[in-house]
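Engineer: Mind folding the following:
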Amino acid sequence: QVQLVESGGGLVQAGGSLRLSCAASGRTFSGYTMGWFRQAPGKEREFVAAIKWSSSSTYYADSVKGRFTISRDNAKNTVYLQMNSLKPGDTAVYYCASRASTALLGMRIGNYYDNWGQGTQVTVSS
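Structural biologist: Below you'll find the predicted structure:
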């Protein structure tokens, strides 16, 4: 059973930075795709970033490209989302997700993923 636990959210001023962590357990994650999504109040869940665990290939939403960086630490079984130059529009609950696949098709869609964490709140003040 895969378990994902996010941490690192909080309140930050616009222009600031946060690093989110997603601790993954339950198996080895070679061959997995790990994703970050976010959902703001009254809005649809949206793709933020993804990483292929084995190759470390990364993918980003246009809205965060150049500001956010996704990475993984194999030894700690942890995926990170470094968020810089934060804007009020980045305010949302951020979720970590996983799927036992390296297929690119559908990777930016929530239904692609099999397991989800509980989410961590990120609030960016202006």
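Engineer: Could you check how far stretch 52-60 is from the centre of its chain?
Structural biologist: 12 Å (CA atoms, centre = their mean, to the nearest Å).
Engineer: next one: stretch 118-126
Structural biologist: Mean C-alpha position of stretch 118-126 versus that of the full chain (CA atoms, centre = their mean) differs by 13 Å.
Engineer: Would you mark the buried spots in that stretch?
Structural biologist: In terms of neighbour count (16 or more other CB atoms under 10 Å), stretch 118-126 has its buried residues at G119, T120, V122, V124. Heads up, the C-betas are built off the backbone N, CA and C, glycines and all.
Engineer: In its sheet, which strands sit next to the strand or helix carrying the last one, and in what direction?
Structural biologist: Just to be clear, that refers to V124. Per DSSP states H and E: V124 is located in strand 120-125. Strand 120-125 has the following strand partners under DSSP bridges: strand 10-13 (parallel), strand 92-99 (antiparallel).
Engineer: how close does V5 get to G26?
Structural biologist: Using CB to CB, to the nearest Å, we find V5 at a distance of 11 Å from G26.
Engineer: residues contacting the residue nearest to the spatial centre of the chain?
Structural biologist: With distances taken as CA atoms, centre = their mean, W36 lies nearest the centre of the chain, 2.1 Å away. The neighbours of W36, taking CB atoms under 8 Å, 6 or more residues apart in numbering as the test, are L20, C22, V48, A49, A50, I70, V79, L81, Y94, Y95, C96, A97.
Engineer: Could you find the closest non-adjacent residue to G119?
Structural biologist: V93 (4.3 Å; CB to CB, 6 or more residues apart in numbering).
Engineer: what does T123 give?
Structural biologist: L11 (4.7 Å).
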